[in-house]
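Novice: Dropping a prediction and its sequence here:
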Amino acid sequence: HFCEEPPNEPSQVLTSMPGVGVRTAARILLDVGDASQFPTAGHLAAYAGLAPVTRRSGTSIRGEFPARSGNKHLKRALFLSAFAALRADPTSKAYYDRKRAQGKKHNAALIYLSHQRCDVLFAMVKNREPYQAPAPALNHHPCPSPLDEEHRDTLRVVAQLMRAWLINSEPLSQSIPVTG
């Protein structure tokens, strides 16, 4: 059929990402094209107005703020696609939730998500590869697993030794019961 695009055409690549529909893909293609004019994903994010801007005057540096410049239409398209991805993509939802847990407000967390997705879109368009959801991370817990009875006893003895050493008021042999 003459209307079908060859595999991995930019529009198919873009619409493979959750939250990016036909209209968003059209806006991205209109503004970005094949992304050849952007050396890095950071350049694309800055063009879209998603990269933070450092405000400075003379020797005064006032920190980083959201950019007010950039391509407003592209920024809006990426922002709305990030918002849509919160329901469609567990990876985007997890990233958004992490930013909210760090104390970011809703819109700030969405801007961070938009920037992150902009980086992914840049790689997808450059390499002409459809979206691939990242492999689930191994289950690493920040807290150690619960200790079994033997390890708890060992820690209790070490704690008693440390207290006795710090206090130094009684000899170690009297403060620690010896078990066989």
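Specialist: Received the coordinates, thanks. Numbering: from 1, shown residues only.
Novice: Confirm Phe79 sits in a helix?
Specialist: Yes: counting by DSSP: H, G, I helix; E, B strand; the rest coil, Phe79 is part of a helix.
Novice: how far away is it from Pro18?
Specialist: Using CB to CB, to the nearest Å, Phe79 is found at 15 Å from Pro18. No exception for glycine: its C-beta is placed from N, CA and C like everyone else's.
Novice: What of Arg117?
Specialist: Arg117 is 9 Å from Pro18, by CB to CB.
Novice: Which parts of this protein are helices?
Specialist: Using DSSP state H, the helices of the chain run over 10-15, 22-32, 41-48, 72-88, 90-101, 106-127, 149-167, 172-175.
Novice: Averaged pLDDT, the last one. What do you get?
Specialist: Taken as a whole, helix 172-175 carries a mean pLDDT of 52.
Novice: Going by neighbour count, list what's buried in stretch 66-84.
Specialist: 67, 70-71, 74-75, 77-84 (16 or more other CB atoms under 10 Å).
Novice: An error on my part: the question was meant for stretch 97-115.
Specialist: Residues Lys99, Lys104, Ala109, Leu110, Ile111, Tyr112, Leu113, Ser114, His115 are the ones in stretch 97-115 that count as buried (16+ other CB under 10 Å).
Novice: Low-confidence stretches in this protein?
Specialist: Residues of the chain meeting the criterion pLDDT under 70: 1-7, 56, 58, 60-65, 136-180.
Novice: Between the buried residues of stretch 97-115, which sits nearest Arg23?
Specialist: Ser114 (16.2 Å; CB to CB).
Novice: wait, that closest one sits on Leu86?
Specialist: No: Ser114 is not in contact with Leu86 according to CB atoms under 8 Å; the separation is 11.4 Å.
Novice: tell me the contacts of Ala48?
Specialist: Asp31, Gly70, Asn71, Leu74, Lys75, Leu78, Ser114, Cys118 (CB atoms under 8 Å, 6 or more residues apart in numbering).
Novice: Report the two of these separated the most.
Specialist: Most distant of these, by CB to CB, are Asp31 and Ser114, 14.1 Å apart.
Novice: where's the closest residue to Arg128 other than its chain neighbours relative to Phe79, distance?
Specialist: Excluding the flanking residues, the one nearest Arg128 by CB to CB, 6 or more residues apart in numbering is Asn8, at 4.5 Å. From Asn8 over to Phe79 the distance is 26 Å, taken as CB to CB.
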